[in-house]
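Trainee: Have a look at this prediction, sequence included:
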Amino acid sequence: MFNNFLRTNKVAMWLLTVIRVYLGYQWIEAGYHKITGGFDAAGFLTGAIANSTGDHPAVQGWWAAFLEHVALPNVGLFNFLVPYGEFLVGLGLILGTFTTFAALMGFVMNAAFLFTGTVSTNAQMLILEVLVLVAAANAGKIGLDYYVMPYLRKLFHKKGDAGTQAPTPKQPLNDMKRTA
């Protein structure tokens, strides 16, 4: 019932737009500050790895192993991906362009930040991103997705292509007349 509300309701569409723009602002601001102010994740990653030991580690061992053996040796790549990823997620959410993908990438980054031991606003943003993800297309209807998604559907579902037609949905069980 709640899922249907998020996906189809016009009130939900407006609420999701407010949530989407709020999330977008948070992401774009964080990315912009990192891009213009300089960003180096090496200290953050080293601190997270150090927090993976002791009686009550803030970072799980498997994640610390990823940080130590993948992220830290490639810190230059992460120094690029994090700020520009944050900025692009924010831009996508504010404009309502590829909204579901932008929310998914924001979800992935928030989960990574939580795994790394940083709580801050990540948990709140994660919950709001789940709402946008569950709502799917309804979250981007008041945005550029209103124009972009039909164009992409037409582009990839050209007439005459075999097998590209969507199957006709079956009649729901609750709408069928009982004949027994």
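Mentor: Yes, it's here.

Trainee: Below-threshold pLDDT in the chain: ranges please.
Mentor: 159-180 (pLDDT under 70).

Trainee: Please enumerate the helices of it.
Mentor: Under the criterion DSSP state H, the chain contains helices at 2-8, 10-37, 42-50, 61-66, 75-95, 99-115, 122-135, 145-156.

Trainee: so what does the first one touch, helix or strand wise?
Mentor: Taking 3 or more Cβ pairs under 8 Å, 6 or more residues apart in numbering; DSSP states H and E as the contact definition, the neighbouring helices and strands of helix 2-8 are helix 10-37, helix 122-135. All C-beta atoms are positioned from the backbone trio N, CA, C, and that covers glycine.

Trainee: give me the number of residues near I94?
Mentor: 19 (other Cβ atoms under 10 Å).

Trainee: That one: what's it in contact with?
Mentor: By Cβ atoms under 8 Å, 6 or more residues apart in numbering, the contact set of I94 is 20-21, 24-25, 28.

Trainee: List only buried entries from those.
Mentor: 20-21, 24, 28 (16 or more other Cβ atoms under 10 Å).

Trainee: out of the helices and strands packed on helix 2-8, nearest to A64?
Mentor: Closest of these to A64 is helix 122-135, at 17.7 Å (criterion: Cβ to Cβ).

Trainee: what sits up against stretch 83-91?
Mentor: Contacts for stretch 83-91 (Cβ under 8 Å, 6+ apart): 23-32, 34-35, 39, 97, 102, 105-106, 109.

Trainee: list the buried ones in it?
Mentor: Buried residues in stretch 83-91 (16+ other Cβ under 10 Å): 83, 85-91.

Trainee: Next: stretch 94-114.
Mentor: Going by 16+ other Cβ under 10 Å, stretch 94-114 has these buried residues: 94-100, 102-103, 105-107, 109-110, 112-114.

Trainee: What separation is there between A58 and L91?
Mentor: 31 Å (Cβ to Cβ, to the nearest Å).

Trainee: nearest spatial neighbour of A48, skipping sequence neighbours?
Mentor: Closest residue to A48 apart from its sequence neighbours, by Cβ to Cβ, 6 or more residues apart in numbering: T116 at 4.4 Å.

Trainee: ah, wrong one, I meant F98
Mentor: In space, F98 is closest to G92, 5.3 Å off (Cβ to Cβ, 6+ apart).

Trainee: and that neighbour, what does it touch?
Mentor: Counting by Cβ under 8 Å, 6+ apart, G92 has contacts 24, 98-99, 101-102.

Trainee: Tell me which two in the residues you listed are the farthest apart.
Mentor: Across these (Cβ to Cβ), the longest gap, 13.1 Å, separates G24 and F101.

Trainee: among the helices and strands packed on helix 2-8, which is nearest G76?
Mentor: Once the helices and strands packed on helix 2-8 are compared by Cβ to Cβ, helix 10-37 is nearest, at 14.2 Å.
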